[in-house]
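Visitor: requesting a structural model of the entry that follows:
(one chain, ligands or ions: 2)
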Amino acid sequence: MSLLVVENLQKHFGGVRAAKDVSFSLQAGELLAIIGPNGAGKSTTFNMVGGQLKPDKGSVRLAGEDITGLPPRLVWRKGVGRTFQIAQTFVSMSVVENVQMALISSHGQTRAVVPRTAGLHREAARSFLDRVGMADVADKPVNELAYGDVKRVELAIALASDPKLLLMDEPTAGMAPRERTALMELTAEIARTHKIGVLFTEHDMDSVFAHSDRILVLVRGEIIASGTPDEVRGNARVKQVYLGE
Ligand code: ADP
Ligand code: MG
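Guide: Ligands and ions are numbered 1, 2, ... in the order given. Model (predicted):
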């Protein structure tokens with residue numbers, strides 16, 4: 001069974017058709033990239049999977065269960081994680097405390113009642129940091145880390161909710177090329193080892209072609225091509241419409 005099955009998703013904003021008949025599936029352990037020019041409907045599609053937007057039509061199924069139109073919190077509970085930037089409020093806290101908070105939150109406890117120094121989930125938090133290669137900086141405040149390392153911690157935070165599917169909106173934005181490669185390689189390795197499906201959007205074409213198993217190309221709300229990086233690279237319509245060749 002596919003981990004994620006999206007069928008005929010449609011979304012209009014007033015007269016703008018942001019997504020039309022968007023259908024695709026994603027397997028556990030697979031990295032699927034959505035690319036396309038600005039305004040193509042990438043974020044709209046992404047947000048219909050994550051629950052931030054309700055589709056006008058169509059369905060989203062996760063591991064066989066219909067999650068169409070559920071609010072984000074419930075979609076998250078069903079196993080759809082998302083990477084977020086660490087909020088400014090939390091950057092003075094240590095790396096491990098940030099992951100502990102994510103664990104506390106995913107176990108249904110309220111962050112506010114847990115003292116910062118609590119040992120709750122500390123060992124588990126360290127194991128998630130180990131997974132992203134950040135165990136040695138566990139006790140540093142987040143605001144003392146290099147940008148690429150902050151991104152790794154954000155990945156550990158997303159993994160702490162034990163997702164089946166991980167949504168990443170432009171995960172490597174603002175990163176230097178070498179850091180980008182490292183983060184995408186790490187993401188791919190984690191996806192494969194833990195059988196997590198990864199759906200991501202990305203501007204950087206080198207990252208997309210190097211690190212995705214399959215690619216969807218959206219233009220004006222419609223999928224004009226999909227396939228492996230080689231198939232998409234060689235697709236005449238993609239070259240014409242999207243890559244400008
Ligand atoms: P992408 O992420 O590929 O750049 P979007 O999904 O953000 O594209 O947008 C697709 C289209 O829908 C665009 O024409 C955009 O202007 C429009 N759109 C997106 N979100 C909204 C919104 N909340 N209200 C009105 N129009 C929107
Ligand atoms: Mg977008």
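
Visitor: which bits of the protein sit near ligand 2?
Guide: Lys42, Ser43 (C-beta under 5 Å from the ion). In short, each C-beta sits where N, CA and C put it, glycine included.

Visitor: most proximal residue of the chain with respect to ligand 2?
Guide: With C-beta to the ion, the shortest gap between the chain and ligand 2 falls at Ser43, namely 3.2 Å.

Visitor: tell me the secondary structure for that residue?
Guide: On the three-state scheme (DSSP: H, G, I helix; E, B strand; the rest coil), Ser43 is labelled helix.

Visitor: for it, the count of nearby residues, please.
Guide: If you count neighbours by other C-beta atoms under 10 Å, Ser43 ends up with 16.

Visitor: wait, doesn't it sit right on Leu167?
Guide: No - taking C-beta atoms under 8 Å as the definition, Ser43 is not a contact partner of Leu167, at 10.7 Å.

Visitor: circling back: distance check, the residue of the chain closest to ligand 2 against Glu179.
Guide: Applying C-beta to C-beta, to the nearest Å, the value for Ser43 to Glu179 is 23 Å.

Visitor: now stretch 210-217: average pLDDT?
Guide: Averaging pLDDT along stretch 210-217 gives 96.

Visitor: buried residues in it?
Guide: His211, Ser212, Asp213, Arg214, Ile215, Leu216, Val217 (16 or more other C-beta atoms under 10 Å).

Visitor: report the buried residues of the helix or strand hosting Ile224.
Guide: Element membership of Ile224, judged by DSSP states H and E, is strand 222-227. Applying a neighbour-count criterion of 16+ other C-beta under 10 Å, one finds Ile223, Ile224, Ala225, Ser226 buried in strand 222-227.

Visitor: surely the second one and Arg237 touch.
Guide: Same thing as Ile224. Yes - contact criterion C-beta under 8 Å: Ile224 and Arg237 qualify, at 5.5 Å.

Visitor: tally of neighbours for Ala87?
Guide: 8.

Visitor: and the gap between Thr172 and ligand 1?
Guide: 16 Å (C-beta to the nearest ligand atom, to the nearest Å).

Visitor: pLDDT score assigned to the closest residue to that residue other than its chain neighbours?
Guide: The spatial neighbour of Thr172 that comes closest, neighbours along the chain excluded (C-beta to C-beta, 6 or more residues apart in numbering), is Arg180 at 4.1 Å. With respect to pLDDT, Arg180 has a value of 91.

Visitor: Leu103 now?
Guide: In this model, Leu103 is scored at 88, pLDDT.

Visitor: ok, it - contacts?
Guide: Leu120, His121, Ala124, Ala125, Phe128, Ala160 (C-beta atoms under 8 Å, 6 or more residues apart in numbering).

Visitor: which stretches of the chain have low pLDDT?
Guide: The model of the chain has pLDDT under 70 over residues 108-118, 242-245.

Visitor: still on that earlier bit, now the helix or strand where the residue nearest to Thr172 lies: buried residues?
Guide: Here Arg180 is covered by helix 177-194, with elements defined by DSSP H and E. Within helix 177-194, the residues that count as buried by 16+ other C-beta under 10 Å are Glu179, Arg180, Thr181, Ala182, Leu183, Met184, Leu186, Thr187, Ala188, Ile190, Ala191.

Visitor: check stretch 220-240 too.
Guide: For stretch 220-240, a neighbour-count test (16+ other C-beta under 10 Å) marks Arg220, Gly221, Ile223, Ile224, Ala225, Ser226, Pro229, Val232, Asn235, Val238 as buried.
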